[in-house]
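# how would this look folded up:
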Amino acid sequence: MSIDVLQQKIRNMKNPTMVGIDPIQSLLPEHILREAYAEHGETLKGLAQAYLVFSKGILDVLKETVPAVKIQSGCFQALGFEGVKVMEELIAYAGELGYYVLMDTMRGDIDCTAEALAQSYFGGVKIGENSYLPYPCDAVMTNSYLGSDGIMPFTKFCKEGKNVFLLAKTSNKSSREVQDMLAGDRIVYQVILDLAMRWSIDLFGKSGYSEIGVAVSGCHPGILGKMREKYDRLFFLVPGYGAQGANARDVQYAFDKYGHGAAICAGRSILYAFRKMGDSGENYAECALQAAQKMRDQIALYVRIL
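Alright, predicted model coming up:
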């Protein structure tokens with residue numbers, strides 16, 4: 001896929017959202033944990049199985065409503081190889097269901113390591129006569145603070161329909177400790193957006209947006225609006241909706257006048273909606289669907305997608 005394809009999926013569904021697959025043990029429905037532990041014991045394998053069942057349930061129920069998903073690699077890698085096996089299965093499953101799939105790694109590596117990772121996500125790991133693609137996704141979220149050494153190995157695949165999203169202004173409270181510092185006559189997060197534009201010279205698609213995207217938090221609507229106006233050819237991934245405090249009124253500033261150019265990401269407020277709805281967790285998927293539809297409808301009050 002590509003930004004053009006993602007933008008068209010958003011237009012077709014009239015839904016500019018992306019759901020984060022971020023399983024957390026303490027928030028999972030009790031019946032899923034109980035059944036997984038009964039089969040595999042209270043082990044990493046058991047918890048990984050619970051993550052798999054829970055996440056597949058979310059993917060199944062949202063496929064006709066939500067165009068894109070963001071898989072948080074850290075949640076799965078925390079469980080060791082059992083978690084990584086599950087993550088591989090979920091990436092493939094999400095792709096089969098038709099989602100635009102973003103791998104949220106937030107990694108930043110030197111050139112040789114970045115090259116190896118880019119091959120594992122986009123190009124394929126070559127062993128003898130064979131090539132293997134462990135994580136077949138559409139896009140990767142990277143930590144941009146190592147500069148071009150850590151980014152260029154990924155961007156070379158942008159001409160083949162893949163995307164790279166750079167962390168610029170994130171939604172966590174302590175982001176200002178680094179991202180809001182002055183760097184000459186600019187702020188650090190502006191430097192990242194400037195670099196994204198510089199690296200996008202020949203990477204603009206039919207939609208007008210670069211195949212290199214940026215993450216700009218919805219928790220700072222003033223910043224979001226200014227960045228949208230200045231960087232009108234960068235596609236924004238907007239974290240922070242729901243559990244981190246951003247709402248539909250805040251995130252409207254991420255879009256251009258046609259309702260294009262952004263995907264609003266939510267995780268916990270969708271995945272664990274059953275907890276706020278007073279459900280035992282037996283109907284967690286249906287509750288997630290209701291929450292996703294509500295999010296879509298709330299954004300539609302402020303953003304008209306043409």
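# State the distance from the closest residue to Tyr37 other than its chain neighbours to Tyr272.
Nearest residue to Tyr37, sequence neighbours excluded (C-beta to C-beta, 6 or more residues apart in numbering): Gly46, at 4.7 Å. Every residue, glycine included, has its C-beta placed from N, CA and C. The gap separating Gly46 from Tyr272 is 20 Å, by C-beta to C-beta, to the nearest Å.
# These two: who's more crowded?
Comparing Gly46 with Tyr272 by other C-beta atoms under 10 Å, the one with more neighbours is Tyr272, at 23 against 19.
# and the more buried one, what does it touch?
Counting by C-beta atoms under 8 Å, 6 or more residues apart in numbering, Tyr272 makes contact with 27, 284.
# Helices of the protein, start to end?
According to DSSP state H, the chain carries its helices in the segments 3-13, 30-40, 44-62, 73-77, 81-96, 111-118, 152-155, 176-179, 188-198, 221-230, 248-251, 268-271, 273-276, 284-300.
# Of those helices, which stretch is the most buried?
Most buried of the helices of the chain by mean neighbour count (mean count of other C-beta atoms under 10 Å) is helix 268-271; its value is a mean of 22.
# ok, so what distance separates the residue most central in space within the chain from Pro23?
What sits nearest the mean C-alpha location of the chain, by C-alpha atoms, centre = their mean, is Lys70, with 3.2 Å. Taking C-beta to C-beta as the measure, Lys70 falls 13 Å from Pro23.
# now Ala94
Distance from Ala94 to Pro23, by C-beta to C-beta: 14 Å.
# same deal with Lys63?
Distance, Lys63 to Pro23, using C-beta to C-beta: 18 Å.
# just Ile3 next, same as before
Distance from Ile3 to Pro23, counting by C-beta to C-beta: 27 Å.
# what do you get for Ser174?
With C-beta to C-beta as the criterion, Ser174 and Pro23 are 24 Å apart.
# rewinding a little: what's across from the residue nearest to the centre of the chain in the sheet?
Taking DSSP bridges as the rule, Lys70 bridges to Gly20, Leu102.
# pLDDT wise, what is it at?
Lys70 is assigned a predicted lDDT (pLDDT) of 97.
# Thought Met18 was touching it, still the case?
Yes - using C-beta atoms under 8 Å, Lys70 is in contact with Met18, at 5.4 Å.
# Any idea which helix or strand in this protein has the lowest mean pLDDT?
helix 176-179 (a mean of 76; mean pLDDT, DSSP states H and E).
# shaky segments in the protein?
Scanning the chain for pLDDT under 70 picks out the ranges 1, 180.
# which outside residues touch stretch 116-132?
Residues from elsewhere that reach stretch 116-132 (C-beta under 8 Å, 6+ apart): 103, 105, 107, 109, 133-137, 140, 153-154, 156-157, 160, 162.
# are any of those residues buried, and which?
103, 105, 107, 109, 133, 135-137, 140, 153-154, 157, 162 (16 or more other C-beta atoms under 10 Å).
# Could I get these in TSV, plus columns for distance to Met87?
TSV is the format used below for the buried ones among the contacts of stretch 116-132 (distance: C-beta to C-beta, whole Å):
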residue	distance to Met87
Met103	9
Thr105	11
Arg107	14
Asp109	18
Leu133	14
Tyr135	8
Pro136	12
Cys137	10
Val140	13
Pro153	21
Phe154	19
Phe157	20
Lys162	18
